[in-house]
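Visitor: how would this look folded up:
(4 chains)
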Amino acid sequence: MSISRRSFLKGLLASSGAALVGPGLLQVAHAATTEVAGTWKVSGSHWGAFRARVYAGKVQEIKAFEVDKYPTDMLNGIKGIIYSPSRIRYPMVRYEWYLNREKSDTTKRGDNRFIRVTWDEAITLFHSELERMQTQYGPWAIHAGSTGWRSTGQVHSCGNHMARAIAMHGYTVNKVGDYSTGAGQTIMPYVLGTTEVYAQGTSWPLILKNSKTIVLWGNDLVKNLQVGWNCETHESFEYLEQLKEKIANKEIRVISVDPVGTKTQDYLKSEHRYINPQTDVPFMLAIAHTLYKENLYDKKFIETYALGFEDFLPYLLGETKDKVEKTPEWAETICGIKADDIREFARTIVKERTQIMVGWSIQRQQHGEQPYWMAAVLATMLGQIGLPGGGISYAHHYSSVGVSSTGAAGPGGFPRNPDKPQNRIHKNKDFNGYSSTIPVARWVDSILEPGKKIQANGATITLPDIKMMVFSGCNPWHHHQDRNNMKKAFHKLETVVSVDFTWTATCRFSDIVLPACTQWERNDLDLYGSYSARGIIAMQKLVDPLFQSKTDFEIFTLLARKLGQEHDYTRGKSEMQWVEKLYNDCVEANKAGFKMPDFKTFWKEGFVDFGKGKDWTRQAAFREDPEINALGTPSGFIEIFSRKIDRYGYKECQGHPMWFEKSERSHGGPGSDKHPIWLQSCHPNKRLHSQMCDSQQFRETYTVKGREPIYLNPQDAKQRGIKDGDLVRVFNDRGQLLAGAVVSDNFSEGVARIEEGAWYAPVDESIGSMCTYGDPNTLTQDIPTSELAQATSANTCQVQYEKFTGKVPAVTAFSGPTEVG
Amino acid sequence: MSDNHNEPEVHNKASEWKTFLVLTVCLFPALSVALIGAYGFGIWFLQMFLMGPPGH
Amino acid sequence: MIQIIKRFWHIASKPSVHLSFGFLTIGGFLAGIIFWGGFNTALEVTNTEKFCIGCHEMADNVYVELQETVHWQNRSGVRATCPDCHVPHNWSDKIARKMQASKEVWATVFGTVNTREKFLAKRGELAQHEWDRFSANNSMECKNCHNYESMDFEIMSERAQVQMKMAAERDQSCVDCHKGIAHNLPDNMNSGEGTLSKLEEMATSGYKAGNSYYSVRQLPLFTDETMTTEAGQLNAATKVTVLAVEGDAIQVELDVWRKTKGFGRVMFEDFAMNINDGYLTKEVAQSDDYMNKGETKIDDLTGLPWQKVEVKLWARNGSLTESRDTLWTFAKSTYDTSCSVCHTQPAENHFDTNTWPGMFNGMLSFVNLDGDTQALVLKYLQKHSSDFSDEAH
Amino acid sequence: MDENELNEQRASLYWWFATLLTKELDKEKLAHYFSGEGVALLTQLGTEPKFEQAVAQIKAALVTIMAIKQPSLELAADFSQLFLTDAKKGAPPYASVYLSETGQLFEKPHHEMLDIFKQQGLMIDPDFKEPADHIAIQLDYLGNLIMKEDENSQQAQTDFIEHQLLSWLSTFVSATQKVNNSGFYQGICQLLLLFVEQDLNELNA
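Guide: All right, here's what the predicted structure looks like:
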């Protein structure tokens, strides 16, 4: 044996080694430093601020930041993000595109092969495509304005970096609005004078002290307050705990108006007022009808603070074109709540101090403007707007809204706009007759139907002919609706560039993919307590950028270098100098009110805490003096009837709130015969949108057979022979997906939930192929709420489901660009 | 002990009086003022270099 | 000499032979009391205004300036003396301050600020020391007499109410806003720090009757040239015509519109455009003494009646500029920087004039702008909104 | 052929595999496998009956690739598809992915390799920004171990192959087999597995 081996090896690589064997990968080490247990560092995330122990160049352990008394278990998913095998490790270019550029076979996009390139080559390609677009077409051909939930940290805010660098090159198409609150933020300025959806709300202590009833309208506080826009410290939960106690002591009633039993309701042990999906407006109209007929509403308040009630009344009383009086009996047939219960509900909320807290889900549906408007009308009729513990809010479930503000200034951000716009390389501002800004959710329409004119918020928009899209820290293949429609659109795009740290579906459908590092591989700083401005936290780099990833700052500095404007981009400052600058600016801004230590001390300590703020009541100033403290509406008053909207002449959003039938609706509504189940795609309980779905170990704590859970009603499931834990095929005419059944009494008949943010994982790139993991946007429809907001209507979605019996395909999400065999 | 008390020079009552007066009227007051002054300077320098202007 | 000290030490270090233990203790104790009394008396003497103005640097500069202010003479007859504001009351800090005065002694001896010119040149630095101290102790010396808890906001002017309530909420340091309340401000500083002074720098002077100007910031309005009764507030970047200049006071005319629902207190730049030009007190708004009423029209978009008025009121001589261009430049850069931290700021002409207030208010919780800047930026956005822009959008 | 020469040969082969699995072959390097030393090496390897099939697969893949316009790019795409992507569909070349419960990178195998390097006073080339449990690093290290003039080296080699390499190599190699492309790297990986197995047998003999 040993002889044959000798003879076999003989002469094998004797002289040829040099040609076939490359240089070694190991070197003699310098004197090694001896770490004992590692060091603790401070950082944070949307899921919570934390301290992390780093040892041997690796994040070993994560524990909640001490200010956070109510940390979420999502902190357990952090390591799974950093060390995910789904990390983008190198700059990659789609092979087909690399060979053929804009003439590449785009139908292969999303299921194609990539090759690794150097950073230099990747940036050169990126730049040359921007250049080609500006010269061959014009600014209208590039859409580089789609941004979403970045990672936390003010210096590296990914959208700012992308916007700044690309604006230094030329003009591009931009967006207005966002996917979460598109309808709400458009309608509310007409009604209450601000966007409302991101506004600070009445402080919780005042609510706890004064409210007798709290109505949670499609609002799951406990679920949604787990995540925050900045490094979250969960201050609201202290008050939810107190609220729970008050409910137990029968001091406060909390009623959830919701088609499903919420996490909040389970936690608070509060009441549930079931309502058929998408029928909030009929219920509200019937409440208004009761208040009017029983003469319970606050006439004085309406007279002093509101306009247009008399223009709305005829509709309520059935004296307009539709000739339908909005009685509780009328509403009962639609919303599924008994007429007497509606009356009782109306009497309850008008009797004592009532705080209405509206969630965002009800405006993420067709005609989503209407329930928001009508809720404001109800609050006006109750007459408690501006009183502590009364009135209406649209954001108490978001970040730290309702936690009183300290008034401290937070750190600013890396500048989004170029310092010297006059040095822009391409000065061409000619959009060729197209609009330069489009409603956020209409970009797919733009690609598919360029030149089409649509109405939006009083303007006419001409959809631009987009040829190239650039995304950074943005995953539209999660947040946009109707995947198969998106695939069609992507067939038309010439070039797609994505900057991200993980292989999202968006990256897999891109041509140039640039690896950013995660937020824990860079130095930064952030606010904690987005609305309370509780303090400033250092985000100390835990480990160096893994593989060939770079910080957003570095990546777009490289692009700026290509433009010959590196210095203008960075202002000659390094990452750490920017952190210091933002901190020092913040010290300056807070000079009057708050003493802050110098930067060195701050960085060492890891945070500055501003303490607690003073309680505050929303709209109290307006109530006190509506003339000086006028609302931002056209009239300065609450507009029950908006002449301005009325003047637009829109069909689906008229002069006052109205009930419109939906294109699809359960419980006897349109399309429910074929697809009887309403699919709710709300914000996830164990993620931030699609962020953290790639954290495998944590994901496995909630998946069913490796799939995203679909929450089903026991009756519905039984009827279809489905048991808890079964694989379910969910489908409609737009698409199909596989999900894992979780049968729960919280879900009523005809109602199912798949949380949005589940990663898209089609069997293959073909149109219509099944999503193997369970992304609900495979099924949702890509239609606007109305001509007013042109916002997403994700929650107007009917489906059917069945037990899955075929050969089970493997989950294709969470992987890089590979062919599905 | 008393054996060792062989001071040739007697300090008489007057010299004790003198010493007493020098101590109480001149030296100690001067020392106190100097000490308080030094304390004051100390605080001031601390304020200049370490603590910043006096807070609450 | 050495002999004397030796001898002294010899006596002092030995037990007393002639003086009793009781005498020494009581004698030392009494001497201590007398010393301490004397020390404090001396300290108090240095803590009097008389002592402070013993040096002509104080007497001829800050002291005479104080005499012009309300801290010298007022209707309630309470006055503040130098040490009330400038000497810390805490013992350690007070002693430290006294020692610090060695600098002042030095200055007197060497004549560092012995002329008015020298003093003025150094005023900025000297003032800054005091401001730092006030900002560190949160204006404790002011609050010894004026404290937020005891303020009756109701009897303040409306403008003051807004500002004071905001300050009270944060227990803000008084001197943040009230610099120059007892002495003149340094020359290079008009009225404060930060944006306010930036705005003030844009103001011109030497207004001529009959010409039109724009306010650089929010300004109080008064009923007459004595400027004792507040009549309302002028908003930033508001056009006024100067009618008369009377020393420190100027009479201005505003050509504005108002809604007639309520008291008609808010003034707008144009019919049916919610571009705020300021507001009037209830009394002034309801009175015919200060305005000529013009035509009344119904705004179709809200159904509210609007009335054209020419308002004639008085303001302090200052804080006006000839053109809005510099104000707009400042507002634009503020908007571009502050409002792009979270997202790309919408183009100015993306919304119309009456939509901007709502959109702008919605963003305000995320930016750090003071009241004057907020008002200015909003007006800038409104004046560059789709109603005024030719560019198709 | 003395022991030294033999070890040189073994080490060179491990380094050869390491080179192939470190990064994509550029045009020039690939040319060696169309005509030249690479061909000779493969032919030689093919004479060993155990390796015959794997070598045949490699050669077949080379023929397929040669017919394509840009063979080195095509092979680079194959490389990416296999190694630069993720556990679900490709075959990431890291022991941690196959051996750790979490399926994450930088897990225990990575730390074990770091410990070994620490003991030996070695470090990874800072330009090669990969975890220590990357297959190429392991092979590179093994080559060094073989060349080390140390009487315990033989035992160390056996231990290393058994504990660090073979613990995951076959799982890794079968993961490569799931991927459908030219098959060049699948053949190389198969060949590597067979070679390591045989080498271990020899060491134990």
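Visitor: going forward, measure contacts and count neighbours with C-alpha atoms only.
Guide: OK.
Visitor: Any stretches of the chain with poor pLDDT?
Guide: You didn't say which chain, so I picked chain A. Across chain A, the ranges flagged by pLDDT under 70 are A:1-18, A:31-36, A:111-112, A:813-821.
Visitor: Chain B is the one I meant
Guide: B:1-11, B:52-56.
Visitor: What's the separation between the most centrally placed residue in it and chain D?
Guide: The structure's chain B has its C-alpha centroid closest to residue B:31; by CA atoms, centre = their mean the separation is 3.5 Å. To chain D, residue B:31 is 65 Å away according to CA to the nearest CA, to the nearest Å.
Visitor: which stretch of helix or strand covers that residue?
Guide: helix B:28-46 (DSSP states H and E).
Visitor: Give me the contact status of that helix with chain C.
Guide: Yes - with CA under 8 Å from any CA of the partner chain as the criterion, chain C is reached by helix B:28-46 at B:29, B:36, B:37, B:39, B:40, B:41, B:42, B:43, B:44.
Visitor: Show me which residues of chain C sit near chain B.
Guide: Near chain B, when you scan chain C using CA under 8 Å from any CA, you find C:8, C:11-12, C:16-19, C:24, C:28, C:31-32, C:35, C:92-93, C:95-100, C:132-133, C:136-138, C:140.
Visitor: Filter those residues down to the buried ones.
Guide: Neighbour-count burial (16 or more other CA atoms under 10 Å in any protein chain shown) applied to these gives C:8, C:11-12, C:16, C:28, C:31-32, C:35, C:92-93, C:95-100, C:132-133, C:136-138, C:140.
Visitor: Render the CA-only coordinates of stretch A:220-239 in PDB, please.
Guide: Provided in PDB are the C-alpha atoms of stretch A:220-239 (Å, rounded to 0.1, in the frame of the first residue of the first chain):
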ATOM      1  CA  ASP A 220     -52.200  46.000  18.900                       C
ATOM      2  CA  LEU A 221     -50.100  48.100  21.300                       C
ATOM      3  CA  VAL A 222     -48.300  45.200  23.000                       C
ATOM      4  CA  LYS A 223     -47.200  43.700  19.700                       C
ATOM      5  CA  ASN A 224     -46.200  46.800  17.900                       C
ATOM      6  CA  LEU A 225     -44.500  48.700  20.800                       C
ATOM      7  CA  GLN A 226     -41.800  46.000  20.800                       C
ATOM      8  CA  VAL A 227     -40.000  47.700  18.000                       C
ATOM      9  CA  GLY A 228     -39.000  51.300  17.600                       C
ATOM     10  CA  TRP A 229     -37.500  53.600  15.000                       C
ATOM     11  CA  ASN A 230     -34.500  54.300  17.200                       C
ATOM     12  CA  CYS A 231     -32.700  52.200  19.700                       C
ATOM     13  CA  GLU A 232     -35.800  51.100  21.600                       C
ATOM     14  CA  THR A 233     -36.000  51.100  25.400                       C
ATOM     15  CA  HIS A 234     -39.700  50.100  25.800                       C
ATOM     16  CA  GLU A 235     -40.700  52.900  28.100                       C
ATOM     17  CA  SER A 236     -44.400  52.500  27.200                       C
ATOM     18  CA  PHE A 237     -44.700  49.000  28.700                       C
ATOM     19  CA  GLU A 238     -44.500  50.500  32.200                       C
ATOM     20  CA  TYR A 239     -47.800  52.200  31.500                       C
END
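Visitor: correct me, but residue B:40 touches residue C:102?
Guide: No - applying CA atoms under 8 Å, one finds residue B:40 not in contact with residue C:102, separated by 10.9 Å.
Visitor: Do a quick rundown of the helices in the stretch 201-350 of chain A.
Guide: Counting by DSSP state H, counting those that start in this stretch, the stretch 201-350 of chain A has helices at residues A:204-210, A:221-224, A:236-248, A:263-268, A:280-293, A:299-305, A:309-316, A:328-335, A:339-351.
Visitor: how much space between residue A:591 and residue A:408?
Guide: Relative to residue A:408, residue A:591 is positioned 10 Å away (CA to CA, to the nearest Å).
Visitor: quick one on the thing from earlier: so which of the residues of helix B:28-46 next to chain C comes closest to chain C?
Guide: Closest approach between these and chain C, by CA to the nearest CA: residue B:40, at 3.9 Å.
Visitor: Excluding sequence neighbours, find me the nearest residue to that closest one.
Guide: Sequence neighbours aside, residue C:96 is the residue nearest to residue B:40 in space, at 3.9 Å (criterion: CA to CA, 6 or more residues apart in numbering or on different chains).
Visitor: what about the one you found, which helix or strand?
Guide: Secondary-structure assignment from DSSP H and E places residue C:96 in helix C:91-110.
Visitor: ok, now residue A:553?
Guide: In this assignment (DSSP H and E), residue A:553 forms part of helix A:552-562.
Visitor: and what of residue C:295?
Guide: Following DSSP H and E, one finds residue C:295 within strand C:291-298.
Visitor: which helices and strands sit right next to that strand?
Guide: When contacts are defined as 3 or more CA pairs under 8 Å, 6 or more residues apart in numbering or on different chains; DSSP states H and E, strand C:291-298 sits against strand C:305-316.
Visitor: let's see 10 Å
Guide: When contacts are defined as 3 or more CA pairs under 10 Å, 6 or more residues apart in numbering or on different chains; DSSP states H and E, strand C:291-298 sits against strand C:249-259, strand C:305-316.
Visitor: Okay, now the sheet partners of it, with direction.
Guide: Partner strands and pairing direction for strand C:291-298 (DSSP bridges) are strand C:305-316 (antiparallel).
Visitor: show me the contacts for the residue most central in space within chain D.
Guide: Closest to where the C-alpha atoms of chain D average out (CA atoms, centre = their mean) is residue D:17, at 4.1 Å. By CA atoms under 10 Å, 6 or more residues apart in numbering or on different chains, the contact set of residue D:17 is A:20, A:21, A:22, D:11, D:135, D:136, D:139, D:140, D:188, D:189, D:191, D:192.
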